[in-house]
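Participant: output the structure for:
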Amino acid sequence: MKTAVLNALSWVPQELLRWSSRQEWPHVLHNICVLHSALCLRANVKGIGFNATYVWDVQNLWDALRYAKEEFTLADKVDPAWGTSSAKGISWTGLRHILTQIVYGSQVTDYGDYQAVKALIDLWISQQATKKDFEAPKTKYKVSPNAYALPLRTANIARAVASSNLSSSPEMYGLLTTPETRLKEDQHILSRLKTSLELLQHASLPKQALKMRLPSTFVGPTPTKLRQSSASARRHRVSTVPRVGHVVAKPSTERTVISNAQLIHAAFLKPCKDFDFSELITSLVTKIYKGWSKETLSERVRRLGPNVSFSLWIKEEIEQMQDILNELRSALLVIKGALDAETPPPILSPATLTIACDLFHNRIPDVIYRLSTSTMPPQLEGQVANWVYDLTQRCQHMDRVLSLSREKVPGFWLGAFFHPEGLLSIYKQDAFRSYQTKFSVAEQFSYLVEVTTREKELLRDAPGEGLFVFGLHLWGATWDRTASEVSDVAPKPSAQPLPVAHVMAVPQTEKIAAMDFGKYMQVYSCPCYQSTSGKSSIVMSLDVKQDDVPALRWPLRGVVCTLRPF
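Facilitator: Residues are numbered from 1 along each chain as shown. Got it, this is the predicted structure:
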């Protein structure tokens, strides 16, 4: 953080520092540099800092300084009628509005991110922030008053910042201090270096440059290349084969892939120390959920009753899950047959080879992963067993919903579905029709989500109105189960499991009337996503609050909710 602020101050010319004689002017320039650095560093905290990806550069810093200069110029403008200063005060509200709407907020697409940017700007661009005794909350960062002594010099402010207690604590950009919010410079550098080397490997370079390869457990295309179409893979005839023991796979450019099948048979069949790939494949074949046949699915959907919307939704969810099961099961059977046979089959498809390679290295198969990225766990090694167990649990929940009618399901695990917003829309449509029948008035409806004190194991019956949902997780803060409110304390672990939530669709006017105005202003509409990697759309919003704490505290902390614990 200190380096970022010093770098931002280096772009402030000496002439700009002496532009205004007002006492607040040098403080504003310093605060804009701190604000710019805080936003840039927060944007580097992937998945937690902001819900979307943003890039702010020096041009944004220059624009912020220019608008501040124009505001102070207007405040110092001389009235020609009197020949004296108009004594106009600084419009801090106007300056904050320009920075929020034009300079930094123009590229912000997520409402939660917009609130976080606005909260940081409100903190650093204000009359209070220009006082000599002002300290940044939590970190107690304060610049020595000697930095603003006459004559004003940028070097004096830079020296004061360099000798200050300014730290790289996440509190400087509004987040709680957790392992996920700390900037890991070494990991960032290694990640960028790895990306650069991977690009060099596949560029048009001399053979000597192509020999520069990262240490890897397998030989083959990078994950980016694995995302090529199957037609491209067939055209190039390049397969990914692991390196096991002394068996080294080499890409083949011939028209046949018999040699690839023989190599993968030899490499995978040879057991490594403390690991037997053949045993893993056999275990996965037996653990994969059996699934549903088309005839059985159609018959069970027909028994759900006259609710066509719900029947179509659950049928589409199960069909999408069945596609994943079929793809995985067919690949596992082919791999198992290749391992069990004395002579390997003559042809193994590139997709099957890729799945075999991923499973051999204990990774979720990339082909399966792309079928539903937002509902899949992070693509890390050592996740196959947990992923298969999670997949089975999701299938069992879908089967339970299919067995019971919609009115008899005690609670829904929204994280088990690919499109949970479809289920919520069905309940909202029913509530809207019921309300319109009673009052014959069209009104905007919204979700009223109340986090209860119930646990999912104790759910026996469905609620009289709306639905119970479980499996939600809170990020960026801690949930106080005793007071049933959010708490500004670093979460341990990072994903805090929430109790059962009661979701209802109500008219917007009734939602506001359900609580007094003072408490309503403290309520934060916490966005709920599929996962931290699937923040493309909001599934719903939770109403969370803490007494006597403004609602803007929580978007500043990056508080979000997810249906999945990752």
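
Participant: pLDDT below threshold where in this structure?
Facilitator: For the chain, residues meeting the criterion pLDDT under 70 lie at 77-88, 182-195, 197-275, 342-347, 373-374, 379-382, 437-442, 511-521, 534.

Participant: shouldn't Val449 be within a strand?
Facilitator: Yes: counting by DSSP: H, G, I helix; E, B strand; the rest coil, one finds Val449 located in a strand.

Participant: so who does it touch?
Facilitator: Residues near Val449 by CB atoms under 8 Å, 6 or more residues apart in numbering: 501-504, 540-543. The C-beta positions use only the backbone N, C-alpha and C, and glycine is treated the same way.

Participant: specify the beta-bridge partners of it.
Facilitator: For Val449, the beta-bridge partners under DSSP bridges are Val503.

Participant: what comes up buried for the longest helix along the chain?
Facilitator: Ranked by residue count and defined by DSSP state H, the top helix of the chain is helix 308-340. Neighbour-count burial for helix 308-340, counted by 16 or more other CB atoms under 10 Å, picks out 310-311, 313-315, 317-318, 321-322, 324-325, 327-329, 331-332, 334-335, 338-339.

Participant: all helices for the stretch 51-200 of the chain, in order.
Facilitator: 58-75, 92-98, 111-124, 154-162, 185-201 (DSSP state H, counting those that start in this stretch).

Participant: single out the most deeply packed of the ones you listed.
Facilitator: Mean neighbours per residue, mean count of other CB atoms under 10 Å, is largest over these for helix 111-124, with a mean of 21.

Participant: who touches that helix?
Facilitator: By CB under 8 Å, 6+ apart, helix 111-124 touches 31-32, 34-35, 38-39, 42, 50-52, 54, 96, 99-100, 104-105, 108, 129, 136-137, 173-174, 527, 552-553, 555-556, 558, 560.

Participant: now do the end-to-end distance for stretch 547-561.
Facilitator: 20 Å (CA to CA, to the nearest Å).

Participant: contacts for it, please.
Facilitator: 48-51, 112-113, 115-116, 118-120, 122, 174-176, 181, 472-477, 485-486, 488, 498, 521-524, 526-529, 532, 535, 542, 544-546.

Participant: which ChimeraX command selects the buried ones in these?
Facilitator: A single ChimeraX command suffices to select whichever of the contacts of stretch 547-561 are buried according to 16+ other CB under 10 Å:
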select :48,49,50,51,112,113,115,116,118,119,120,122,174,175,176,181,472,473,474,475,476,477,486,498,522,523,524,526,527,528,529,532,535,542,544,545,546
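
Participant: re earlier: okay, and which of the contacts of helix 111-124 map to strands?
Facilitator: 527, 560 (DSSP state E).

Participant: for Glu299, helix, strand, or coil?
Facilitator: Under three-state DSSP, Glu299 falls in the helix class.

Participant: ok, which pair from the contacts of Val449 is furthest apart?
Facilitator: Using CB to CB, the two most remote members of those are His502 and Ser541, lying 14.0 Å apart.

Participant: tell me, how many residues neighbour Asn362?
Facilitator: Using other CB atoms under 10 Å, Asn362 has 14 neighbouring residues.

Participant: so it: helix, strand or coil?
Facilitator: Put simply, Asn362 is coil when judged by three-state DSSP.

Participant: likewise the one 10 residues further on?
Facilitator: Three-state secondary structure (criterion: three-state DSSP) places Ser372 in coil.

Participant: ok, and the closest non-adjacent residue to it?
Facilitator: Phe418 (5.7 Å; CB to CB, 6 or more residues apart in numbering).

Participant: Leu280 too?
Facilitator: Counting by CB to CB, 6+ apart, Leu280 lies nearest to Leu359, which is 6.8 Å off, once chain neighbours are set aside.

Participant: measure the one you found to Gln530 for me?
Facilitator: 25 Å (CB to CB, to the nearest Å).

Participant: coming back round to it: mind giving me the packing neighbours of the longest helix of the chain?
Facilitator: helix 258-269, helix 277-287, helix 294-302, helix 350-360, helix 366-369, helix 384-403, helix 420-439 (3 or more CB pairs under 8 Å, 6 or more residues apart in numbering; DSSP states H and E).

Participant: any idea how far Val143 is from Leu552?
Facilitator: Val143 sits at a distance of 25 Å from Leu552 (criterion: CB to CB).

Participant: sweet, I'm off.
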